[in-house]
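Trainee: Generate a structure from the sequence data that follows.
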Amino acid sequence: MSLSNLQSHELIRKAIHLSSAIIPLSYWFLADRHLTLQIVVLLSLGFLMADYLRLKSGAVEKVFMKIFGSALRQHEKKNLTGATYVFTGSVVAIFLFPKEIAVPALLILSISDTVAALIGIPFGKHKFLKKSLEGSTAFFISTTAILTIFFPEGLIINVLIAAIVTLAEANPMKLDDNFLIPILSGTLLSLASLL
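Mentor: Residues are numbered from 1 along each chain as shown. Reported below is the predicted structural model:
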């Protein structure tokens, strides 16, 4: 895949990824926890079912790849898609954490992860762990900004949490970052709220 094709492929992915911000924004402004959980659980089950059918049936896989294939990364073709992890991570975050923690944790996933890719893919020149320094810097700044909007009094804690989440995003483990980021962010924010 050429660099320009890779960039347009990632732009499509990140536009879809950014649209997942509708989950925390709807939760914050429109819906209560119960309704939000019901909707996100249904979406998560739908994506899990689509992945299951795609992975088990060649005919379903063919149709799925025709529609969504251009937005998939290589490793997703034989595994769960990033979208499935986004919705599953959203379910867990909304279930585990109160609204004031779940919403910024999910916004970090949808916004900071998108900003990191939009900066890191075209402009990333310096390696930082498994990502680029430029993309990780964008992730860190965006995460700090999101946390500061929700917790304006805790700048030092916000910077510390942003640094930890940035390190986790830049050095992905076996756990998909679409699942890891909101759970890690929510856990750190929960711990900070105890201080």
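Trainee: Of all the residues in the host helix or strand of Leu35, which ones are buried?
Mentor: Using DSSP states H and E, Leu35 falls within helix 33-56. Under the neighbour-count criterion of 16 or more other C-beta atoms under 10 Å, helix 33-56 has Thr36, Leu37, Ile39, Val40, Val41, Leu43, Ser44, Phe47, Ala50, Asp51, Arg54 buried. C-betas here are computed from N, CA, C, even on glycine.
Trainee: same for the helix or strand immediately after that helix in the chain, what does it pack against?
Mentor: Sequence order places helix 58-68 as the next helix or strand after helix 33-56, per DSSP H and E. Contact here means 3 or more C-beta pairs under 8 Å, 6 or more residues apart in numbering; DSSP states H and E; on that basis helix 58-68 packs against helix 33-56.
Trainee: send the alpha carbons of the helix it packs on over as PDB?
Mentor: The C-alpha coordinates for helix 33-56 follow below in PDB (Å, rounded to 0.1, in the frame of the first residue of the first chain):
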ATOM      1  CA  ARG A  33     -26.800   5.800  32.000                       C
ATOM      2  CA  HIS A  34     -29.400   3.100  31.700                       C
ATOM      3  CA  LEU A  35     -30.500   4.100  28.200                       C
ATOM      4  CA  THR A  36     -26.900   4.700  27.000                       C
ATOM      5  CA  LEU A  37     -25.900   1.200  28.300                       C
ATOM      6  CA  GLN A  38     -28.800  -0.400  26.500                       C
ATOM      7  CA  ILE A  39     -27.900   1.200  23.200                       C
ATOM      8  CA  VAL A  40     -24.200   0.600  23.500                       C
ATOM      9  CA  VAL A  41     -24.700  -3.100  24.600                       C
ATOM     10  CA  LEU A  42     -27.000  -3.600  21.500                       C
ATOM     11  CA  LEU A  43     -24.400  -2.100  19.200                       C
ATOM     12  CA  SER A  44     -21.600  -4.100  20.800                       C
ATOM     13  CA  LEU A  45     -23.600  -7.300  20.400                       C
ATOM     14  CA  GLY A  46     -24.300  -6.400  16.800                       C
ATOM     15  CA  PHE A  47     -20.600  -5.900  16.000                       C
ATOM     16  CA  LEU A  48     -19.600  -9.000  17.900                       C
ATOM     17  CA  MET A  49     -22.200 -11.000  15.900                       C
ATOM     18  CA  ALA A  50     -21.100  -9.500  12.600                       C
ATOM     19  CA  ASP A  51     -17.500 -10.400  13.400                       C
ATOM     20  CA  TYR A  52     -18.400 -13.900  14.500                       C
ATOM     21  CA  LEU A  53     -20.400 -14.500  11.300                       C
ATOM     22  CA  ARG A  54     -17.700 -13.000   9.200                       C
ATOM     23  CA  LEU A  55     -15.000 -15.200  10.700                       C
ATOM     24  CA  LYS A  56     -17.100 -18.400  10.500                       C
END
